[in-house]
Each structure stands twice: as C-alpha cells, then as structure tokens.
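Peer 1: sequence first, predicted coordinates after that:
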Amino acid sequence: MIDFLQYLLDGLATGSVYALIAVGYSMVFGVLQLVNFAHSELFMLGAYLVMLLFAQGAPIWAAVLLAGCGVGAFAVLMEKFAYRPLRSSGRLAPLITAVGISIFLQNLVQALFSPNPQAYPFHLPDGILEFGEDILVRQRDILIFILAVVLTLGLEAFVRYTKPGKGIRAVAIHPQAARIVGVPYNRIVSLTFFIGAVMAVVAGALQGAATNQIWPYMGVSSGLKAFAAAVLGGIGVLPGALVGGLALGIVESLLVGYDLSTFKDGAAFLILILVLLVRPQGLLGKKVLVKV
Amino acid sequence: MNHTLARRPFLALGALSLAALAVAGLSLPGSAFAVVNSVKVGAILPLTGQTANFGQDTLNGLKLALEKDTSMPKVELVVEDTLGTPAGSATAVNKLISTDKVSVIIGEVASSNTIAASAPAQNAKIPLMTHASTNDSITKGKDFISRICFIDSFQGEVMAKFAKGELKAKTAVILVDSDSDYSRGLRDSFKAAFTKEGGKVVEEISYSQKDTDFKAQLMKVRKEKPDVVFLPGYYTQVGAILRQSAELKIKSKYLGTDGWSGEDLFKIAGPASAGHYVSNHFVADDKDPKVQAFAKEYQAKYGKVPSDMAALGYDAAYFIKNAVRTADSSDPTKIKDAINGTKNFQGITGTISLDANRNAIKSAVVTKTTTTGFVFHARVNP
C-alpha cells in the first residue's frame, strides 16, 4: 500500500509535464481539428530558448516569459504561413505539413546548437521530503505539479470567463456560426496557438531544469505521449489534458513499480488505442452527435 | 553528411578512378609490384543523436590516424551519419555500398545499430568491421562482419568478477536499457558470471532510452539497498541516472560498461559522476608509452583527452590499412580475408588477434570515474 502511494506520487511530476504539453494539442485540435505534430518541437524550442536567455543573465521568470512570447510568436507565424493556406485542403495536408515543420525544427536546432545533449543552466531545488521510512517526494516534483495544476486551471478560467476565451469556445463549438456572429476567427486561432506554445515553453523549461539535460529530439517522445494524454482526457477539453497527463504519468510509474517497466513506453499508445475504441470522447469529453 | 579526407580535389578524383578500376577488376591483384594505391573506406557513425559523442570521438581518432600515417595505400574516407538509430545505420550502409561503392566499412558503435547494418553488408559481400560494438551476436554466422573490440560475455564477466572480488559485493541490482541489444546482452553475461561467483542479482529493472526521469526505477534500487548496481547503458541516460540516484541518497556503488564513455556523462551527472567503476577498452592515463604518445597527439589536435571510442577509431584506421596492404587489393572479399586472418596487430587499445568467430581477443581496463573522466584502475586479461 505504501509502495502504491509512492508510485502514485512519482507519476504526478512526469504526468504534469505531459499535461502542460497536452494543453496545446488539445486547444489547437479543439479549434481547428488539427493534430499539430509540430507542437512537441515548440516544447523543445522553449527549453532551448529559456536556456539561452537564462545564460545571458535574465532571471528565470523573465527568461520563461520572453521565451514564451518568442516561441508563441513563432507558433502564430507557423499557423499563418504553414497551416492557414491549407485550411481548405482537407485534414491530411496540414497534418503532413506539421510533420515537416517538426523535422525542420529538430534539424535546425541540431545545426544551431549541437546534436549532443546540453546540461541545463537552471535547476529546481533538489531536496527530498521524507514521509516515514518509505515515502519520498522530491521538492521539485511538488513544484512542477502545483505549477501544472495552477496553469491549466487558470487557463480553463480564462477560456470560460474572458471575452477572448469565450471566442475560443465559440470557434471550437461551431466555427461557421462563430464567424457569422462576429468572432474574429483568425485572431482566435492565432491566440490558441500562442497559448499552447507558452504552455509548451513552461513544460520544456521544467523538464530541462528537472532532468538537467535537453536535446534536439526531446520533443519526440514526450510530445507523442502528451498527445495520447490529451486524447485520454478528452481532446478539446482543458481539464481533460490535466487529468489525462497525470493519469498517464501515474500509469507509467505503476508499471515500473510493479516490474513491468518494459511495457512503460507502450502503455501510452495502448491507452490511446483503447480510448479511441471504447470512449473516443475521452474521460472528460462529451459525446458529440453528428447530425445527418 | 559526407566528409572527404583527400587533401586536394584532383587527388580525390584520382583515388576515385583508381578505386573504380579496382572494383571493376582491372587492377592486378597478387602481383608483387602492384601494391594497391588507394582504397575507398566507408564509416557509419552516430554523429548526431543520443550517442553522438561516440561518433564524433571515433571520427576524430580515424582522422588523426589517417593524417599521421601517409603510407600506401591512400585511404579515401566516406563518412555517413547514422543518427544513432538502427534504421539510420541500415540506410547509411546501403548508401555506402550502392552509391559510394566502398571496399570496406567501419562502424557502428551501438550494437543494435551494427546489427541493423550487418545484414545489408553481408548480403552485398562488403566487409563491415566494427571498432566498438560488443554484443556477442553481431559476428555470428556472418563472415563479412568482424570487430576489433572485446565482446560482452567477456565484459560482463570482468565486471562481475570485479564486483565479487575487489568490491566484495554480495547483492546486485541490474538496470537494463530495454531499447538496446547491448544492454540486454550485458545483463545476461553479468548475471551468469555474478551468480556463478556466488553473488545474487536481487532485481532487474528496465528503463528506456526515451526516459528522462528515473525516479520510479531508482526507488526500487533504494529499497533493495544492493551492494552494487550494474548499469550497462549509454552515457546520456547513465548521466541522468547517476544524478538522480545521488539526489535520492542511494549509497550503492555503480558498475558501468563501455557505453558510459561519452564526455556528456560528466556534464549531465555533475558531481554525481565520481566514484563508480567502469570497464573500458582504453584509458588515456594508462602508463603504456604507446598510449601516452597517442594521448598527447590527440590532446594537441583536439584539445581534449581521448575517449576509448577515439582510441578505437584510431586503431580501426591502422587496422584497415594493414588489412588492405595484406590483401594487396581493394577487392572487398580479399580485404575480408585479410581482416579475418589478422593476428597480433599492435594497437593503442591492445594487441588484436581475431578468433575463428571474427571477434578480437583483448584485455579490458577497469577505470574509476572522477567528476571529469575516467582514471586507470586495473587491467584484466581474457
């Protein structure tokens, strides 16, 4: 029982990073029905940019803020020049473009920095809290978890109560109707890309600071898992991204705990398949009836 | 990525046409006067990706050797990046064979990658000589595949005996990289030898090359409190594991293998990298004058201490030139026969003789880690 509790706690930190990345997948899908596979590269870019700014002497909050704006702006431009012209060409074309951008960014970062992993200049506190003999929690895991919850719930409040947030919901519910009633469609789409990118930057900086290493392909595996987490929680639903991310983190941790570590990386995709088969709207999603 | 080492373009052209002639069978192999003039050698190396240190160091060693040794035959080196993946390695080998038409190929480093590259090389009858892949199965049943490094059943045994003998360890936990043939092979050989010596492997835990947080695995290590943790993995994950292990105040000693020898390990692990024991092919502070001379030259050219991948790359260049001279031809099959028959080749990493299974019989060094690198601890003969 004690063990189980420990594994549960261990899963929360990894899950929090998945959740922060999943938010971006979820929002963009909600608005455009596009799986933006380049999103995982924004996570990687964010980690690098924060490293660069921090090394230049910026305090960490400013480095994250500036990097968030930078990568956010990049995401907006990416949408404008790579996805928008393809909006009327079906779903496959933008999807392939996304994979292309992803490969481009991975190689760009390899060329600019190096293919080798970089040690991260900024670290989170590495103390551990001990609860009795057997329960150990790293301080930074708590920090990451709180940050993830606050950011996702804050974002949910933004989407629910502010005017631009309502715009995002309107576009997600019915793009044509939203446009007719005067919601600035393109600006809303840009906004979702921007917000998703900012979240990914925070996740990238957290991952770098927690594990002391970043590398050009760091987005690939985390990104795919975060996508699975977004689907698990209910794609297009923000608290769903949080729930899905945390659930996936816990499942992975439990598999390692109970001697099934070999299956850890497969779990995300097994869950993805099961969710799509059994409950395609995800844990927190509502069933969408398509009227014929 | 395509690095051509010929100094001047017309030399490269000359070498190319000579190689083409040789391949076309127009040279006069076997004739006492016709020492082969040039040979086209391919190298498949992880220049990018998670094991990029290995590829970059190997290439440094290869280049140093080829610059230093200007004797005939002239080597035209064609380097292909494998991205450190099995698929990338197979692609690289196919390109070297079909487009560049090389006579012999050096590489890869990680065993899974060399295994992926070995089938196309064997099918095309182009010798593939790996300088650093240690998994036992690599050369099995493939007469065009050979290596100049020791194999894992030896390496695992070295560390098992070291754990039992010198460290007096009774219990061990093995952390296995489940994405790597190398790591799984070493797990088996260490476990067999350690058990035979009277030790007990209390737990085997896997991790993946995609992992960055190892807390779940390390919590199990912490609970078992083994005397040693055997960690046959690659430096990127090893660095992170060592760092996180120290955070969790795990006291067990770590035992590593040659996959540890990338400089990034020390960057990632920081102070946690010190005090562990590792089996290597070579260590730069070895008192052997040959090693010292090489280390000095390498340091002068690249400004850093040579890793064992650098030394193996250096040996590989001399070894291949030696084989081509013996074969006196750039014909791949003749070079293969010369490679497979090599005995008592004196390299920086030891005396290399290939056995009937085309594996090198060589000694290993056990090194101790500091916060910046490896220092000599003991030499173990087969």
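Peer 2: Done, it's in.

Peer 1: tell me who's in contact with the closest residue to A:Phe194 other than its chain neighbours.
Peer 2: Setting aside the residues directly before and after it, A:Phe194 is nearest to A:Gly72 in space (Cβ to Cβ, 6 or more residues apart in numbering or on different chains), at 4.1 Å. Glycine gets a C-beta too; all of them are placed from N, C-alpha and C. Neighbouring residues of A:Gly72 by Cβ atoms under 8 Å, 6 or more residues apart in numbering or on different chains: A:Phe193, A:Phe194, A:Ile195, A:Ala197, A:Val198, A:Val201.

Peer 1: mind doing that once more with 6 Å?
Peer 2: By Cβ atoms under 6 Å, 6 or more residues apart in numbering or on different chains, the contact list for A:Gly72 reads A:Phe194, A:Ala197, A:Val198.

Peer 1: how about these in JSON lines, adding neighbour count, pLDDT and secondary structure?
Peer 2: Shown next, in JSON lines, are the contacts of A:Gly72 (neighbours: other Cβ atoms under 10 Å in any protein chain shown; pLDDT from 0 to 100; DSSP: H, G, I helix; E, B strand; the rest coil):
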{"residue": "A:Phe194", "neighbour count": "21", "pLDDT": "96", "secondary structure": "helix"}
{"residue": "A:Ala197", "neighbour count": "30", "pLDDT": "95", "secondary structure": "helix"}
{"residue": "A:Val198", "neighbour count": "25", "pLDDT": "95", "secondary structure": "helix"}
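
Peer 1: can you add distance to A:Phe54 and give those residues back as TSV?
Peer 2: TSV is the format used below for the contacts of A:Gly72 (distance: Cβ to Cβ, whole Å):
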residue	distance to A:Phe54
A:Phe194	22
A:Ala197	18
A:Val198	17
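
Peer 1: closest one to A:Leu53 out of the residues you listed, please.
Peer 2: A:Val198 (14.5 Å; Cβ to Cβ).

Peer 1: do you know how far the closest one is from B:Phe294?
Peer 2: Computed as Cβ to Cβ, to the nearest Å, the A:Val198 to B:Phe294 distance reads 51 Å.

Peer 1: pLDDT score for residue 42?
Peer 2: Defaulting to chain A. What the model reports as pLDDT for A:Leu42 is 95.

Peer 1: um, chain B though
Peer 2: pLDDT, B:Gly42: 93.

Peer 1: remind me which helix or strand it belongs to.
Peer 2: strand B:38-45 (DSSP states H and E).

Peer 1: next: A:Leu136.
Peer 2: Using DSSP H and E, the element containing A:Leu136 is strand A:135-138.

Peer 1: flag every buried residue along that strand.
Peer 2: Within strand A:135-138, the residues that qualify as buried are A:Leu136, A:Val137, A:Arg138, counting by 16 or more other Cβ atoms under 10 Å in any protein chain shown.

Peer 1: just checking, the second one touches A:Leu129?
Peer 2: In this case it means A:Val137. Yes: contact criterion Cβ atoms under 6 Å: A:Val137 and A:Leu129 qualify, at 4.8 Å.

Peer 1: CA atoms only: put stretch B:170-183 into PDB for me.
Peer 2: Output of stretch B:170-183 as PDB, limited to C-alpha atoms (Å, rounded to 0.1, in the frame of the first residue of the first chain):
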ATOM      1  CA  LYS B 170      27.100 -10.000  -2.400                       C
ATOM      2  CA  THR B 171      24.000  -8.400  -3.900                       C
ATOM      3  CA  ALA B 172      23.400  -6.600  -7.200                       C
ATOM      4  CA  VAL B 173      20.600  -4.800  -9.000                       C
ATOM      5  CA  ILE B 174      20.800  -4.600 -12.800                       C
ATOM      6  CA  LEU B 175      19.300  -1.600 -14.600                       C
ATOM      7  CA  VAL B 176      18.700  -2.500 -18.200                       C
ATOM      8  CA  ASP B 177      18.200  -0.300 -21.200                       C
ATOM      9  CA  SER B 178      15.400  -2.200 -22.800                       C
ATOM     10  CA  ASP B 179      15.900  -0.500 -26.200                       C
ATOM     11  CA  SER B 180      19.400  -1.900 -26.600                       C
ATOM     12  CA  ASP B 181      20.700  -5.300 -27.600                       C
ATOM     13  CA  TYR B 182      24.000  -4.200 -26.000                       C
ATOM     14  CA  SER B 183      22.400  -3.700 -22.600                       C
END
